[in-house]
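Participant: Kindly generate the corresponding structure for this input.
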Amino acid sequence: MKDASSGESLPGATVGLLELKKGVNANNYGFYSISVPKGNYQVKVSYLG
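Facilitator: Below is the predicted model of the structure:
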């Protein structure tokens, strides 16, 4: 995950799927992976920094 304006990685950012009440944190390089069933979801991303 990267900042849209600066392009910097966002380590520790949280990515959550509201309907599934499931989320993950980005690693030290800003990468994350989450497996979900096929469908449409609202994604919430948060980052403190």
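
Participant: The spatially most central residue of the chain in helix, strand or coil?
Facilitator: What sits nearest the mean C-alpha location of the chain, by C-alpha atoms, centre = their mean, is Val15, with 2.7 Å. Assigned with DSSP: H, G, I helix; E, B strand; the rest coil, Val15 falls in the strand class.

Participant: which residues touch it?
Facilitator: The contact partners of Val15, by C-beta atoms under 8 Å, 6 or more residues apart in numbering, come to 1, 23-26, 32, 34, 43-45. Every C-beta, even on glycine, is put in place using the N, C-alpha and C of the backbone.

Participant: Against Tyr29, how distant is it?
Facilitator: 14 Å (C-beta to C-beta, to the nearest Å).

Participant: before we move on, the earlier item: please pick the buried ones from the contacts of Val15.
Facilitator: Among the contacts of Val15, the ones that count as buried by 16 or more other C-beta atoms under 10 Å are 1, 23, 26, 32.

Participant: mind listing the strands for this protein?
Facilitator: 14-17, 22-25, 43-46 (DSSP state E).

Participant: For Ser5, find the nearest of the ones you listed.
Facilitator: strand 43-46 (14.6 Å; C-beta to C-beta).

Participant: Other residues contacting that closest one?
Facilitator: In contact with strand 43-46 (C-beta under 8 Å, 6+ apart) are residues 1, 13-18, 23.

Participant: rerun at 7 Å
Facilitator: Strand 43-46 has contacts (C-beta atoms under 7 Å, 6 or more residues apart in numbering) with 13-18.

Participant: can you check stretch 18-30 too?
Facilitator: 1-2, 9-17, 32, 34, 36, 41-42, 44.

Participant: what's the span of that stretch from first residue to last?
Facilitator: Start-to-end span of stretch 18-30 (C-alpha to C-alpha, to the nearest Å) is 21 Å.
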